[in-house]
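Participant: structure for the following, please:
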Amino acid sequence: MNKKNIGVLFCAIFVFTFVACNSTPEVVKTEELPLDYTQKDVHDNEIKQIEALLSTKPVKALWRATILNDEVELNKCASYVASLCEGYLKDEDYFTAYAIYKSLKAAGFSKLVTSMTEKQIEAKYYSGVPGINTKQTSKLNANQKDSVNTFISGTVTVWVDLGIKVQRGMGTAERVIGSGFFIDERGYIITNHHVIAELVNPKYEGYGRLYIKLSGDEDTRIPAKVIGWDSVHDLALLKTEIKPPYVFNLGSSEGLNPGDKVYAIGSPLGLESTITSGVVSSTNRRLFTTGKVMQIDAAVNSGNSGGPCIDVNGNVQAIVFAGIQQYQGLNFAIPVEYLKQDLPILYYGGERLFPWTGSFGRSYRTSKGFDGLTVEYFLPSLSLARTGMKRGDIIKSINGQRVSTIDDMQDILRDFIPDTIINCEYETKDAEKKTALLYLEKRPENPGYEIYQHDVLQNSMIPLFGMGLVPSSVTDRKTFMITDLISGGIADESGFSVNDPVSILKTVFSDDKSAMYVEFSVKRRKKGYLDVNMGLQTGLDSPYYF
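Facilitator: Model prediction:
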């Protein structure tokens, strides 16, 4: 684990602080309303927009055509996108073809693809993906005394040589050491993104070489290359041209419960072939913005990053990615389910990009439990706004998969890439059941900052601080009245109430736009409408953006 990763975790678990802040000038924004396609000029202009998109973003053009519901334009777009899918199938680009096919299916036009069936396309898509069909038989039990050594032989030390770093006239070797493990006989290896981050960082201009060392051979450095990486879930797929001594099975961390025994294998502080044991402390720590991670108490130190966390049968249940050095036993691992969802995308190469609909929501709770995802906010002009969905609508399923919580929504979205159409079933506030096609854009690095930049100030306060505002002055654009609060949101927990008058005095962002600080002047009803100046801070990404 590198220091940066540990620092991020420390902030996520304990307290949000600003390292450096800059005042941000007021951004002029305009609120957009859903288009009325019954008006001829609006209808004709939308067709022009769709025609322009057809050559650059054909899937998005198809989605816009489904909303417009002009039969001629819709059939034209569907036929064009289907022809693109056929072309990618002919060129054996099954990654792109499968993504387009899923969009056609969601929109109801999959029958236009005739050269292959859905099952055939899916089979081609997964063909060759490492780790998907791996099956080993080794077990960790008393009848196989060499099984532990067998498992260790399937791990490697990942060595990133960054050349010489010169400080104050003195040169020192700069390197990053992590761990990894084989998942395929062709030499594919899993490690953490942060171990190889500089090698794929477009801003890095220095020297960089990637090697691995096999267990039991500390002297031989074997060249490797990065195939794909996921910075959000801290995963990376490497490739080396050797036959691995052992290949791990990918298990299912869904079967693990707190108290179950696990083993961590890696190279802590460069001490290769180290195995430690412990138990699962928790399975639902929110350290990622699109999912939960596992907490373990097996000893983990710097250098363990990317190593396998296995069960008693040697199946990989998680990937070690972090520990907090000053708090022994507080260590974390990435559930193997995230890796299995990532593998096809990582295998086809490059950075793994994540989709989103431009929305913010919370799990919908009933007297019987969770039963959907309440839409609390969405960006104007993106998916939900154009389809006519409203705040308070409850998403019930995506592409036929049930959505009971925000975690379900994130799990489903991980199966997709940007520039894809999905089918959404939802209920209105009046319990009317409806369907809508949603278009997935590329998820920004900091969704909260994107929202602040592209929506009116009062609307952006809903996802940022959990409070709805309406202007209370025609002359002062920073004076508002609170109309509603999201239960458990920052404003709610800070003692704000509905009908409290609020003024926004100052907004400040951290340098990397990952955090925001706002100074409010508020007359809190709970305090007898006494004037109080309060400073609130929030991260600009969270699991509630989808």
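
Participant: C-alpha from now on. contacts and neighbour counts both.
Facilitator: Fine.

Participant: show me where the stretch 151-300 of the chain has its strands.
Facilitator: Remark: strands assigned in the stretch 151-300 of the chain by DSSP state E, counting those that start in this stretch are 155-167, 170-182, 188-191, 209-214, 222-223, 225-230, 235-239, 261-266, 274-288, 291-296.

Participant: redo the ones you listed as a markdown table? Include distance to residue 38, mean pLDDT and mean neighbour count.
Facilitator: Output for the strands of the stretch 151-300 of the chain, formatted as a markdown table (distance: least, Cα to Cα, whole Å; pLDDT from 0 to 100; neighbours: other Cα atoms under 10 Å):
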| stretch | distance to residue 38 | mean pLDDT | mean neighbour count |
| --- | --- | --- | --- |
| strand 155-167 | 60 | 87 | 21 |
| strand 170-182 | 58 | 88 | 21 |
| strand 188-191 | 53 | 98 | 29 |
| strand 209-214 | 59 | 95 | 20 |
| strand 222-223 | 62 | 96 | 15 |
| strand 225-230 | 43 | 97 | 22 |
| strand 235-239 | 48 | 98 | 25 |
| strand 261-266 | 61 | 93 | 26 |
| strand 274-288 | 43 | 89 | 17 |
| strand 291-296 | 41 | 90 | 24 |
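
Participant: quick one: which of the ones you listed is nearest residue 542?
Facilitator: Set against residue 542 and scored by Cα to Cα, the strands of the stretch 151-300 of the chain come closest in strand 274-288, at 7.9 Å.

Participant: who does whichever strand or helix holds residue 516 pair with, and is each partner parallel or antiparallel?
Facilitator: For residue 516, the host element (DSSP states H and E) is strand 515-524. Strand 515-524 sits in its sheet next to strand 501-510 (antiparallel), strand 530-539 (antiparallel), going by DSSP bridges.

Participant: what sits up against it?
Facilitator: Applying Cα atoms under 8 Å, 6 or more residues apart in numbering, the contact partners of strand 515-524 are 18, 495-497, 500-510, 529-540.

Participant: quick one: mean pLDDT for it?
Facilitator: Averaging pLDDT along strand 515-524 gives 91.

Participant: just stretch 131-138 next, same as before
Facilitator: Per-residue pLDDT over stretch 131-138 has a mean of 66.

Participant: now stretch 488-497
Facilitator: The model assigns stretch 488-497 a mean pLDDT of 91.

Participant: buried ones in that stretch?
Facilitator: For stretch 488-497, a neighbour-count test (16 or more other Cα atoms under 10 Å) marks 490-492, 496-497 as buried.

Participant: could you dump the residues you listed into TSV and include secondary structure?
Facilitator: Listed next are those as TSV, based on DSSP: H, G, I helix; E, B strand; the rest coil:
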residue	secondary structure
490	helix
491	helix
492	helix
496	coil
497	coil
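
Participant: residue 545: which of the residues you listed is nearest?
Facilitator: residue 490 (15.3 Å).

Participant: my guess is that closest one meets residue 465, correct?
Facilitator: Yes: the pair residue 490 / residue 465 is scored as a contact, 5.1 Å apart, by Cα atoms under 8 Å.

Participant: now do the lengthiest helix in the chain: everything it contacts.
Facilitator: Looking across the chain with DSSP state H, the single longest helix is helix 71-90. Contacts to helix 71-90, defined as Cα under 8 Å, 6+ apart, come from residues 47, 54, 58-59, 61-62, 65-66, 94, 96-98, 100-101, 104, 109-110, 112-113, 115.

Participant: same deal with stretch 389-408?
Facilitator: Residues from elsewhere that reach stretch 389-408 (Cα under 8 Å, 6+ apart): 106, 290-291, 361-364, 370-378, 384, 409, 412, 422-429, 543-544.

Participant: ends of stretch 357-370, how far apart?
Facilitator: End-to-end span of stretch 357-370 (Cα to Cα, to the nearest Å): 21 Å.

Participant: quick one: residues contacting the most centrally placed residue in the chain.
Facilitator: In the chain, the C-alpha nearest the mean C-alpha coordinate belongs to residue 290, at 4.2 Å (Cα atoms, centre = their mean). By Cα under 8 Å, 6+ apart, the contact set of residue 290 is 232, 407, 410-411, 542-543.

Participant: and for residue 238?
Facilitator: Applying Cα under 8 Å, 6+ apart, the residues near residue 238 are 188-191, 224-228.

Participant: show me where the stretch 1-150 of the chain has strands.
Facilitator: So, for the stretch 1-150 of the chain - with DSSP E, counting those that start in this stretch - the strands run 21-23.

Participant: low-confidence ranges, it, go.
Facilitator: Of all residues in the stretch 1-150 of the chain, those with pLDDT under 70 make up the ranges 1-34, 134-146.

Participant: follow-up on the earlier one: quick one: which of the strands of the stretch 151-300 of the chain is nearest residue 129?
Facilitator: strand 188-191 (9.8 Å).

Participant: parallel or antiparallel, list what pairs with that closest one.
Facilitator: Going by DSSP bridges, the partners of strand 188-191 are strand 170-182 (antiparallel), strand 235-239 (antiparallel).

Participant: ok, now how distant is residue 159 from residue 293?
Facilitator: 25 Å.

Participant: other residues contacting stretch 245-254?
Facilitator: 131-132, 134-136, 150-151, 153-154, 181-185, 314-318, 335-337, 340.

Participant: what about the helices in the stretch 1-150 of the chain?
Facilitator: Counting by DSSP state H, counting those that start in this stretch, one finds helices in the stretch 1-150 of the chain at the ranges 3-13, 40-54, 58-68, 71-90, 94-107, 118-126, 147-153.
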